[in-house]
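In: sequence unknown, structure follows:
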């Protein structure tokens, strides 16, 4: 018997289904089923009755799960206490979409911390689905995801099902970002037709639920340009925009200080009507720490400062 099998059994008991538990654990159902059968064999008892109603605990199973839950809680306590091998060390982790106002908030947040304190901060930029997986696996405690407004029902239903709490941080239209000496920067009004002949820099891992990557490109990236460069790292995207005067990129409202650093400007495009949402997420049973609350406070301050300058 190992700790992982305890976790599996607790989740199967909670879900009442191998398939549902496998989805939440990111395990293939046949592998999860074999693990549960192996656990029962090692214990010499039957923990679950298999029926059309799903996985139902036996009387032995109810006793086992009660002890298993206590063991898992104690393991969580020990891991938190000795996180990264240091007793008393505070840990903050956030997985976010790639955008400047969030990075600005993280910078302001880090500046407010005592450099002599025993603290470890983890900041990961990735796409929305990987952020959700990071939260589910407990690799990161806070997350910020982004999706188009028309996918709100899909995402909120998924987050509810996974017992993830969420709140909207920002709503916005993408801005067009170009070099300050680009001919596009001089235009008072920019249309999609104006972008013909320019090179678009785009995120290499966009995600839209239930669509293939080709469909994502069609929906998220309007077909008004023949030449695109897909890049994962935000710094590399900014370098491309800064060095190549024929490039442009769609971005959330961006801080003027960052734009000036790279010699860029942002311009609205009246034809770009799609509304995006940035949403703060965490597990429903996760209690916010002092560090979490400080970061969230800086997040809203940064958003207000940067977005206010746009409108």
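Out: That came through fine. Because the structure is a prediction, the values reported are computed rather than measured.
In: surely residue 303 is within a strand?
Out: No - under DSSP: H, G, I helix; E, B strand; the rest coil, residue 303 falls outside any strand and is assigned helix.
In: ranges for the helices of the stretch 201-311 of the chain?
Out: Secondary structure of the stretch 201-311 of the chain (DSSP state H, counting those that start in this stretch): helices located at 213-220, 234-243, 256-261, 290-308.
In: any idea how many residues pack against residue 258?
Out: Using other Cβ atoms under 10 Å, residue 258 has 17 other residues around it. Glycine gets a C-beta too; all of them are placed from N, C-alpha and C.
In: wait, it sits on residue 100?
Out: Yes - assessed by Cβ atoms under 8 Å, residue 258 is found in contact with residue 100 at 5.0 Å.
In: columns mean pLDDT on top of the helices of the stretch 201-311 of the chain, output as CSV?
Out: Formatted as CSV, the helices of the stretch 201-311 of the chain follow (pLDDT from 0 to 100):
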stretch, mean pLDDT
helix 213-220, 52
helix 234-243, 91
helix 256-261, 93
helix 290-308, 94
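In: and the end-to-end length of stretch 233-253?
Out: Start and end residues of stretch 233-253 are separated by 18 Å (Cα to Cα, to the nearest Å).
In: hmm, back to that, nearest to residue 61, out of the helices of the stretch 201-311 of the chain?
Out: helix 290-308 (36.0 Å; Cβ to Cβ).
In: packing partners of the closest one?
Out: Counting contacts by 3 or more Cβ pairs under 8 Å, 6 or more residues apart in numbering; DSSP states H and E, helix 290-308 packs against strand 90-96, helix 100-111, strand 142-148, strand 164-172.
In: what comes up buried for the second one?
Out: Read it as helix 100-111. 100, 101, 102, 103, 104, 105, 106, 108, 109, 110 (16 or more other Cβ atoms under 10 Å).
In: could you export those residues as JSON lines, including distance to residue 249?
Out: Below are the buried residues of helix 100-111 laid out as JSON lines (distance: Cβ to Cβ, whole Å):
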{"residue": "100", "distance to residue 249": "12"}
{"residue": "101", "distance to residue 249": "16"}
{"residue": "102", "distance to residue 249": "17"}
{"residue": "103", "distance to residue 249": "16"}
{"residue": "104", "distance to residue 249": "18"}
{"residue": "105", "distance to residue 249": "21"}
{"residue": "106", "distance to residue 249": "21"}
{"residue": "108", "distance to residue 249": "24"}
{"residue": "109", "distance to residue 249": "26"}
{"residue": "110", "distance to residue 249": "26"}
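In: out of those residues, which is nearest to residue 166?
Out: Closest to residue 166, out of all of those and judged by Cβ to Cβ, is residue 102, at 15.6 Å.
In: ok, residue 273 - how many residues close by?
Out: Residues near residue 273, counting by other Cβ under 10 Å: 7.
In: wait, I meant residue 175
Out: Residues near residue 175, counting by other Cβ under 10 Å, number 18.
In: give me the phi and psi angles of the residue of the chain positioned farthest from its centre.
Out: Relative to the C-alpha centroid of the chain, counting by Cα atoms, centre = their mean, residue 44 is the outermost residue, at 41.5 Å. Dihedral pair for residue 44: phi 80, psi 20, per degrees, to the nearest 10.
In: next one: residue 50
Out: phi -90, psi 130.
In: next one: it from residue 201, what distance?
Out: Separation of residue 50 from residue 201 (Cβ to Cβ, to the nearest Å): 53 Å.
In: shaky segments in the stretch 101-250 of the chain?
Out: 206-225 (pLDDT under 70).
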